[in-house]
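> Here is a sequence with its predicted model. Questions after.
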Amino acid sequence: MTPLKIQVYGKSGRLDAILEAYFRSRRNVEIETVSEVTNPSYRVKGKVIVGRSDDLAVIEECAKQFRPDFAMIGPEEPLAAGAVDKLAELGIPAVGPTQKLAQLESSKTFTRMLLAEYGIRGNPIFRVFYSLNGIEGYLRQQESFVVKPDGLTGGKGVKLSGEHLHSVDAAVDYCRQLFASGQQAILIEEKLEGEEFSLQSFYDGQHIAHTMPVQDHKRAKEGDTGLNTGGVGSYSCPDHLLPFLTKDDVREAEDINRRACEAVSEKIGQPYKGIIYGNFMLTRNGLRLIEYNARFGDPEALNVLPLMETDFVDVSEAIIKGELDKLDVRFRNLATVCKYVVPEGYPDRPVKDAVIDMDAVNRLPDVGGRLRLYYGAVDDQDGRLVMTGSRAVGIVGIAETLFEAERIAENAASLVGGPVYHRRDIGTPQLVQKRKDHMDRIFGRRSKYAG
Ligand code: AMP
Ligand code: GLY
């Protein structure tokens, strides 16, 4: 029987988790990856073509060569560049939204206005500005605020009053810079307080299936200090809740994801097919949507994909065919803790081309797949594994309890050699307690969650 051909685009540990999910399939598959990095872990799962995964010319050439049955797009840049539209022109279906639908991630003002237009809960108080006109007066009326450029900035454009912006003048200056650098619009919104979590769902144009909530850690250093990053570690719980979330909170987030998918499909006039990732914050006044992503989260994909019981090839085909209702998308009731090992100096001044030594980790016994290694920003240079500057290896522990999962991940992460670091506190009882205490303070000590 000829194998099903799958072409996967991107880079990072998230891509390795996606590749593993396809590689593990009971179906007969042939996988080809198009990536910027010569990551040896990708090569274990299939052929790797080195090229820019967000370059439409590269995508066209690679897709014509390989003629996949379907494609899967890992990160946001190819989606925003129109990778799915290009593949559709070639008659190749993809897991991932078209360029217009991907505005859910690539334009923050689009998403705020979409939710407002369709009456979907979750927006903070916000206002959109297309020029500096009126910005200063508006900011002076606010107690606190967040300034967000409309377009993709790799998580680096959002600035909060009191943290990055210490006066209205500084905020106006920042807005001036943003317009000068070509931003078309700026979103100014209420500064919220609460605990954040991610909820990733699959949508096939009509039906939705959800994964479990995950909590990511954006700050580079222990105790939530240091610079913001794309996320240096994350955890999920065996009951598919989080220690500060109730079932009702999760249902509400699921409902917001579903309504956002329906709204964007109707508004654009195309079915949204792919992953939707809601970044939510539970606040004193209820659930708020911080932003949408049109793809899996990194590291959040590393938490959910290893627990998926349903074959990810089947899930991908169901998304493409609009048949998610015919599948029972299930996840094992286990805890996961992911710790990203990153180069020293990450995120702003990472050492580059330094060797990362995984020998001691590779010698660890892996009991029942409870330890997973997902390779990200690494190159194979004549058999030496070198870091290219971003998150290098995502180490995931899987166990019955959160704290056992943490021990598995921590033990392995601490054995990685080279100029690297990781956050030892992610998934520990102390840090989880801190999250619960934070929610307690917000709810005035009347915690509404269990545990
Ligand atoms: P984003 O690039 O939209 O993910 O924003 C980066 C981070 O800024 C989020 O993960 C939040 O921690 C924070 N943030 C964004 N919007 C708000 C808001 N309205 N209130 C408080 N924090 C926010
Ligand atoms: N973990 C945050 C992101 O994937 O955007």
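Looks like it arrived, so ask away. Ligands and ions are numbered 1, 2, ... in the order given.

> Tell me the secondary structure at I256.
Secondary structure for I256, judged by DSSP: H, G, I helix; E, B strand; the rest coil, is helix.

> Hmm, N279 and it touching each other?
No - checked against Cβ atoms under 8 Å, the pair I256 and N279 is beyond contact range at 11.3 Å. All C-beta atoms are positioned from the backbone trio N, CA, C, and that covers glycine.

> so what sits against both of the two?
L289 (Cβ atoms under 8 Å, 6 or more residues apart in numbering).

> Which one's more surrounded, these two?
Legend: neighbour count by other Cβ atoms under 10 Å for I256 and N279, higher for I256 (23 against 17).

> Could you list the buried residues of stretch 141-155?
Q142, F145, V146, V147, K148, P149, D150, G151, L152 (16 or more other Cβ atoms under 10 Å).

> So which of these sit within helices?
Among the buried residues of stretch 141-155, no member falls in helices (DSSP state H).

> filter those by proximity to ligand 2?
Among these, no residue sits close to ligand 2 (Cβ under 6 Å from any ligand atom).

> Take those residues and lay them out in a markdown table including distance to K64.
Converted to a markdown table, these look like this (distance: Cβ to Cβ, whole Å):
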| residue | distance to K64 |
| --- | --- |
| Q142 | 52 |
| F145 | 48 |
| V146 | 44 |
| V147 | 43 |
| K148 | 38 |
| P149 | 35 |
| D150 | 34 |
| G151 | 30 |
| L152 | 27 |
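
> State the distance from the spatially most central residue of the chain to R127.
In the chain, the centroid-proximal residue (Cα atoms, centre = their mean) is G297; its distance is 1.4 Å. Per Cβ to Cβ, to the nearest Å, G297 is found 28 Å from R127.

> what do you get for G96?
Computed as Cβ to Cβ, the G96 to R127 distance reads 31 Å.

> So is stretch 216-226 next to ligand 2?
Yes - interface with ligand 2: stretch 216-226 contributes D216 (Cβ under 6 Å from any ligand atom).

> So for that stretch, what gets flagged as buried?
Of the residues in stretch 216-226, D216, H217, A220, E222, G226 count as buried by neighbour count, 16+ other Cβ under 10 Å.

> starting at the chain centroid, how far to that stretch?
Remark: stretch 216-226 is offset 16 Å from the chain centroid, using Cα atoms, centre = their mean, to the nearest Å.

> Do me a favour and get the end-to-end distance for that stretch?
Length of stretch 216-226, first residue to last, Cα to Cα, to the nearest Å: 15 Å.

> now stretch 400-420
With Cα to Cα applied, stretch 400-420 spans 29 Å between its terminal residues.

> How about stretch 78-97?
10 Å.

> What degree of burial does I18 show, as a neighbour count?
30.

> dump the residue contacts of it.
Counted by Cβ under 8 Å, 6+ apart, I18 has contacts V8, G10, M72, G74, F296, A301, L305, F312.

> Output the buried residues of stretch 141-155 as TSV; include the columns pLDDT and distance to ligand 1.
TSV is the format used below for the buried residues of stretch 141-155 (pLDDT from 0 to 100; distance: Cβ to the nearest ligand atom, whole Å):
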residue	pLDDT	distance to ligand 1
Q142	94	11
F145	97	8
V146	97	4
V147	97	10
K148	96	6
P149	96	9
D150	94	11
G151	88	11
L152	83	9
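
> And those, which is closest to ligand 2?
L152 (10.5 Å; Cβ to the nearest ligand atom).

> who in the stretch 101-250 of the chain is up against ligand 2?
Residues of the stretch 101-250 of the chain found near ligand 2 (Cβ under 6 Å from any ligand atom) are D216, G230, G231.

> Can you pull the residues of this protein lying near ligand 1?
Within the chain, the positions near ligand 1 by Cβ under 6 Å from any ligand atom are 124, 146, 155, 158, 160, 189-192, 196, 218, 279, 290-291.

> what about burial for these, which qualify?
Buried subset of the residues of the chain next to ligand 1 (neighbour count, 16+ other Cβ under 10 Å): P124, V146, V158, E189, E190, L192, E196, N279, I290, E291.

> Which one among these sits at the bottom for pLDDT?
Lowest pLDDT of these: V158, 92.

> right, and that residue touches V146 too?
Yes - if you go by Cβ under 8 Å, V158 and V146 touch, sitting 6.3 Å apart.

> Now go through the buried ones among the residues of the chain next to ligand 1 and say which are in strands.
Using DSSP state E, the members of these that fall in strands are V146, E189, E196, N279, I290, E291.

> Quick check: the farthest pair among those?
Longest distance between any two of those is 14.9 Å, between E189 and E196; criterion Cβ to Cβ.

> And for L282, nearest residue in space, chain neighbours not counted?
Leaving aside its sequence neighbours, L282 sits nearest to G194 (Cβ to Cβ, 6 or more residues apart in numbering; 4.9 Å).

> can you pull the contacts of that neighbour?
M281, L282, T283, R284, R288, H438, M439, I442.

> Can you report phi and psi for the fourth one?
Torsion angles at R284 (phi, psi; degrees, to the nearest 10) stand at phi -60, psi -30.

> Run a quick neighbour tally on it.
When neighbours are counted by other Cβ under 10 Å, R284 registers 12.

> quick one: is the strand or helix carrying I398 near ligand 2?
Element membership of I398, judged by DSSP states H and E, is strand 393-399. No - Strand 393-399 lies out of reach of ligand 2 by Cβ under 6 Å from any ligand atom, never closer than 11.1 Å.

> Begin at 812 from now on, thanks
I'll keep to 812 as the first residue from here, and by that count the last item is strand 1204-1210.

> Can you give me the buried ones in the helix or strand that that strand is followed by?
From strand 1204-1210 onward toward the C-terminus, using DSSP H and E, the following helix or strand is helix 1213-1224. In terms of neighbour count (16+ other Cβ under 10 Å), helix 1213-1224 has its buried residues at L1213, E1215, A1216, E1217, R1218, I1219, A1220, E1221, A1223, A1224.

> Just put the residues you listed in a markdown table and tack on pLDDT and distance to M812.
Output for these, formatted as a markdown table (pLDDT from 0 to 100; distance: Cβ to Cβ, whole Å):
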| residue | pLDDT | distance to M812 |
| --- | --- | --- |
| L1213 | 97 | 42 |
| E1215 | 97 | 41 |
| A1216 | 98 | 38 |
| E1217 | 98 | 43 |
| R1218 | 98 | 43 |
| I1219 | 97 | 38 |
| A1220 | 98 | 38 |
| E1221 | 98 | 43 |
| A1223 | 97 | 38 |
| A1224 | 98 | 41 |
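
> where in the stretch 912-1061 of the chain is pLDDT low?
Judged by pLDDT under 70, the stretch 912-1061 of the chain has its weakly predicted residues at 965-966.

> Same check on the stretch 1162-1262 of the chain?
1256-1262.

> At which residues are the helices of it located?
1170-1173, 1213-1224, 1240-1253 (DSSP state H, counting those that start in this stretch).

> of all those, which lies closest to E1134?
Closest among the helices of the stretch 1162-1262 of the chain, using Cβ to Cβ: helix 1213-1224, at 33.0 Å.
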